[in-house]
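> how would this look folded up:
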Amino acid sequence: MSNTLSPAFLQGTGPRLFVPEVVITPQGALEAHAVVVADGSFAAVGPAAELERRNPRLTPVRLPGHALMPGFVDAHHHLTQSFGAALAFGEPSEIFRRVWAPLEAALDEESAYVAAKLAALEALRGGFTTVADAGTRAAVDVEAVASATRDAGIRCVLALLCNDAPAPERATGAGHCGAPGGDVLAAAEKHLARYAADDLVHPSLAVSVPEAATDRTLHATARLAAEADAVVQIHANEHLVAVERSLVTHGLRPLEHLHRVGALGPQLLAAHATLLTPGELTLLADTGTAVSYNPVASAWKGNAVAPAALMAERGIRLGLGTDGTRGDAFRLADAAETAQRLAYGLASGDSSCGAGWTWLEHASRGGADVLGLADRAGTVSEGAAADFLLVDITTPELRLSWDLPWELVRRGNRDQISAVFVAGRLRLWQGWPPDWDGPALVERAAGLARAVVGRAAVTRTHPTSSAARAERRGRRSVAR
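So this is what the prediction gives:
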């Protein structure tokens, strides 16, 4: 490894000229290229010899054996659910009723902060430089989540839940809309203004599912977000029961209902969108509505795989999200391709299924676009925020390279990430933050999680893996 590649050197202040072996730009993987980082952004991207000639006062930071690539964007997360991530294993769909709502209701200010910071650390370790939080149900000020992400050093699109439908219709547990009984729209406007000038926290609004808010609020939040160049995050068409609930309540499928009330449009980010009719695909395409494709979540607790390759082909705006399952961007991109291949490609003889670049791009630039950050994140280009990774390409998985973008999708892993930068600052070095105590946070979270889960009214339908194994052995023994 190069002697210059160290935390002390990479944390330097002022403009820096990085000269890696490869730079991954919107034009592809380019050799003999470099970047100039200044004031948190890419001041220049171009041929290395040219940038060195134009910047004689800058000492080149040479990074042999490394690719400089855009940081990944997690377009759908639930940061305050990190204490119970493994509680979802083996559980059927719509576990928010039995697991997530009770878990988040048991959080206080301290545990919400630690849970969000733990999730942010996991995301950074997995190569994400931006995460979109879909709104916490914890009865705390969302500044607890904002502070956690700022302190971790990750970019965050932070939503305020705007659920205001009468309780019998709101099949999503408690929502946080400001003070109890307060005007949800006033709280929404305050939230959008509160973070409008924040460097790392970008405001967003959210509704858990369409039935969780009144038609007035669905329409008004769409308008407020559009005026503020922000997004509204709504879980839509995720599970069969959600589609059926909408049909019973409104006589329309979820996306159809959102269209009827005037909520579809470029400001809307529909999370999951796994169960779509041809007509709903047309609605998405015609209105510019964006989708978060969450393949791991679909595999773990879903009813279907979203037709993401078809969406991409039809020009539907598409990002990739973890849904809080695991903060590993390379595994997410791999899952995105694999799910499309298994669900659609094999049946149609499509051996390409996006040709690799589709999933790498939608995991970075596409994710930034659906979050309203198209000009700020997800790309290595002049003027964009310097949110990037240094990836070791000397490993056995990547050194014999023929097609680096596709190889990163299929053979990349987070162990190959040497460094993570957000807004031009080194945030992670070989898996841990260089300027705060990551292991101490993990231990603090482990202690708090036991107390939170212990007092939460969580109900699981599936036993632990060890209990399931013992139960299976017991059935076999009885059968004999």
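
> quick one, domains of this protein?
Residue ranges for each domain of the chain read 7-70+382-429, 72-370, as given by automatic domain parsing.

> The last one: end-to-end distance?
In this case it means domain 72-370. In terms of C-alpha to C-alpha, to the nearest Å, the two terminal residues of domain 72-370 are separated by 13 Å.

> For it, the averaged confidence score.
The average pLDDT within domain 72-370 is 93.

> so how far is that domain off the chain centroid?
Averaged C-alpha coordinates place domain 72-370 at 8 Å from its chain's average position (C-alpha atoms, centre = their mean, to the nearest Å).

> cool, the shortest one as well?
A distance of 22 Å separates the C-alpha centroid of domain 7-70+382-429 from that of its chain, computed with C-alpha atoms, centre = their mean.

> Spatially nearest residue to residue 315 (excluding sequence neighbours)?
residue 285 (6.0 Å; C-beta to C-beta, 6 or more residues apart in numbering). All C-beta spots, glycine's among them, are computed from the backbone N, C-alpha and C.

> Which helix or strand contains the residue minimising distance to the centre of the chain?
In the chain, the centroid-proximal residue (C-alpha atoms, centre = their mean) is residue 74; its distance is 1.8 Å. Assessed by DSSP states H and E, residue 74 sits inside strand 72-77.

> name the helices or strands packed onto that strand?
helix 109-125, strand 128-133, strand 268-272, strand 318-320, helix 329-340, helix 365-370 (3 or more C-beta pairs under 8 Å, 6 or more residues apart in numbering; DSSP states H and E).

> partner strands of it, parallel or antiparallel?
Applying DSSP bridges to the sheet, strand 72-77 is found paired with strand 128-133 (parallel).

> Put the alpha carbons of the partner strand into CSV.
What follows is strand 128-133, C-alpha atoms only, in CSV (Å, rounded to 0.1, in the frame of the first residue of the first chain):
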residue,chain,number,x,y,z
PHE,A,128,-22.8,4.5,1.6
THR,A,129,-22.1,8.2,1.8
THR,A,130,-25.8,9.2,1.7
VAL,A,131,-28.8,7.6,3.5
ALA,A,132,-32.5,8.5,3.3
ASP,A,133,-34.3,8.1,6.5
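
> contact partners of the next helix or strand along the chain from that strand?
Where DSSP H and E defines the elements, the next helix or strand beyond strand 128-133 is helix 143-152. Contacts with helix 143-152, where a contact means C-beta atoms under 8 Å, 6 or more residues apart in numbering, come from 79-80, 109, 112-117, 120-121, 124, 131, 133, 136, 138, 155-156, 158, 195, 198, 200-201, 427, 433, 436.

> Please spell out the PyMOL selection for the buried subset of the residues you listed.
Buried residues among the contacts of helix 143-152 (16 or more other C-beta atoms under 10 Å), as a PyMOL selection:
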select buried, resi 79+80+112+113+114+115+116+117+120+121+124+131+133+136+138+155+156+158+195+200+201+427+433
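
> returning to that earlier point: reformat the domains of the chain as JSON lines; add distance to residue 469.
JSON lines is the format used below for the domains of the chain (distance: least, C-beta to C-beta, whole Å):
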{"stretch": "domain 7-70+382-429", "distance to residue 469": "28"}
{"stretch": "domain 72-370", "distance to residue 469": "12"}
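
> which one of those is the most hemmed in?
domain 72-370 (a mean of 22; mean count of other C-beta atoms under 10 Å).

> Show residues contacting stretch 374-384.
By C-beta under 8 Å, 6+ apart, the list of residues contacting stretch 374-384 reads 23-26, 35, 41-45, 68-71, 73, 129-130, 155, 364-369, 371, 385, 387-388.

> and the helices and strands packed on strand 72-77 as a markdown table, adding distance to residue 301?
Below are these laid out as a markdown table (distance: least, C-beta to C-beta, whole Å):
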| stretch | distance to residue 301 |
| --- | --- |
| helix 109-125 | 18 |
| strand 128-133 | 19 |
| strand 268-272 | 10 |
| strand 318-320 | 17 |
| helix 329-340 | 14 |
| helix 365-370 | 21 |
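
> Contacts only, for residue 90.
461, 462, 463, 465, 468.

> Report the two of those residues separated the most.
461 and 465 (14.3 Å; C-beta to C-beta).

> hmm, back to that, tell me which of the domains of the chain sits nearest to residue 442.
Closest among the domains of the chain, using C-beta to C-beta: domain 72-370, at 6.9 Å.

> so the residue nearest to the centre of the chain makes contact with residue 128?
Yes. Here residue 74 reaches residue 128: they are 4.8 Å apart, a contact under C-beta atoms under 8 Å.

> Now list whatever residues contact both of the two.
Residues touching both residue 74 and residue 128 comprise 327, 329, with contact defined as C-beta under 8 Å, 6+ apart.

> can you tell me which of the helices and strands packed on strand 72-77 comes nearest to residue 14?
strand 128-133 (21.1 Å).

> quick one, the closest one and strand 268-272 angle?
100 degrees (axes from the mean of the first three to the mean of the last three C-alpha atoms, to 10 degrees).

> OK, contacts around residue 441?
The contact partners of residue 441, by C-beta under 8 Å, 6+ apart, come to 114, 117, 118, 121.

> still on that earlier bit, now for the helices and strands packed on strand 72-77, which one comes closest to residue 293?
Using C-beta to C-beta, the helices and strands packed on strand 72-77 put strand 318-320 closest to residue 293, at 5.5 Å.

> Parallel or antiparallel, list what pairs with the closest one.
Strand pairing for strand 318-320, determined by DSSP bridges: strand 290-293 (parallel).

> what's the following helix or strand after the partner strand?
In N-to-C order, the element after strand 290-293 by DSSP H and E is helix 295-301.

> elements contacting that next one?
helix 329-340.

> which residues are in contact with the helix it packs on?
With contact meaning C-beta under 8 Å, 6+ apart, helix 329-340 is reached by 72, 74, 126-128, 293, 295-296, 298-299, 305, 308-309, 320, 322, 326, 353-354, 356, 358-360, 362-363, 408-410, 412-414.

> Can you give me the buried ones in stretch 373-383?
With the criterion 16+ other C-beta under 10 Å, stretch 373-383 contains buried residues 373, 374, 376, 377, 378, 379, 380.

> what about it, how long is it end to end?
With C-alpha to C-alpha, one end of stretch 373-383 sits 12 Å from the other.

> how far does that stretch sit from the chain's center?
16 Å.

> List the contacts of residue 125.
327, 414, 417, 428, 431, 432.

> Keep only those of those residues that are in helices.
Among those, none falls in helices (DSSP state H).

> export the residues you listed to a markdown table and tack on distance to residue 183?
Below are the contacts of residue 125 laid out as a markdown table (distance: C-beta to C-beta, whole Å):
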| residue | distance to residue 183 |
| --- | --- |
| 327 | 35 |
| 414 | 43 |
| 417 | 44 |
| 428 | 40 |
| 431 | 45 |
| 432 | 44 |
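
> Report how many residues lie close to residue 469.
11 (other C-beta atoms under 10 Å).

> which residues touch residue 31?
Counting by C-beta under 8 Å, 6+ apart, residue 31 has contacts 21, 22.

> re the thing from before, just the CA coordinates of the strand or helix carrying the residue nearest to residue 315, formatted as CSV?
Element membership for residue 285 (DSSP H and E) is helix 278-287. Extracted in CSV, the C-alpha atoms of helix 278-287 (Å, rounded to 0.1, in the frame of the first residue of the first chain):
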residue,chain,number,x,y,z
PRO,A,278,-49.1,-2.0,-16.3
GLY,A,279,-51.2,1.1,-15.7
GLU,A,280,-49.3,2.0,-12.5
LEU,A,281,-46.0,1.7,-14.4
THR,A,282,-47.4,4.2,-16.9
LEU,A,283,-48.4,6.5,-14.0
LEU,A,284,-44.9,6.4,-12.6
ALA,A,285,-43.4,7.1,-16.0
ASP,A,286,-45.8,9.9,-17.0
THR,A,287,-45.6,11.8,-13.7
